[in-house]
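*Asks:* got a structure for you, letters missing:
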């Protein structure tokens, strides 16, 4: 087998392409997928205009549909908002404190039982 190696020039060009590749936000991806779903232009034209390959468009479209399907199925848990999270953390802390107090009381009771029954005045 013959192993092909890239020339230093090819590596430089590849590195430049990678460094200058546009990164799309979630909002941009959604906008592009929705434009494609509207069907006003062909997918090929939309992709040319946006500077993406059709493969990328179809991947984003699939991801978009899968996320929507999961959300509509209702099987996924709703994300708690900040106030709910704070309240749950407060409640968890309160419960931990109660457990700690009861554990301490239990230890003290056991100790008094096994250390001669405590002081009787």
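*Replies:* Cool, got the structure. From a predicted model like this one, the values you see are computed outputs, not experimental measurements.
*Asks:* in which helix or strand does the residue nearest to residue 60 when sequence neighbours are not counted reside?
*Replies:* In space, and not counting its chain neighbours, residue 60 is closest to residue 29: 4.9 Å by CB to CB, 6 or more residues apart in numbering. Backbone N, C-alpha and C define where each C-beta goes, glycine included. Assigned by DSSP states H and E, residue 29 belongs to helix 26-38.
*Asks:* that helix: which residues count as buried?
*Replies:* Buried residues in helix 26-38, counted by 16 or more other CB atoms under 10 Å: 29, 32, 33, 35, 36.
*Asks:* got these as JSON lines, with distance to residue 23 and pLDDT columns?
*Replies:* Putting those into JSON lines (distance: CB to CB, whole Å; pLDDT from 0 to 100) gives the following:
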{"residue": "29", "distance to residue 23": "10", "pLDDT": "95"}
{"residue": "32", "distance to residue 23": "13", "pLDDT": "95"}
{"residue": "33", "distance to residue 23": "16", "pLDDT": "95"}
{"residue": "35", "distance to residue 23": "19", "pLDDT": "94"}
{"residue": "36", "distance to residue 23": "19", "pLDDT": "94"}
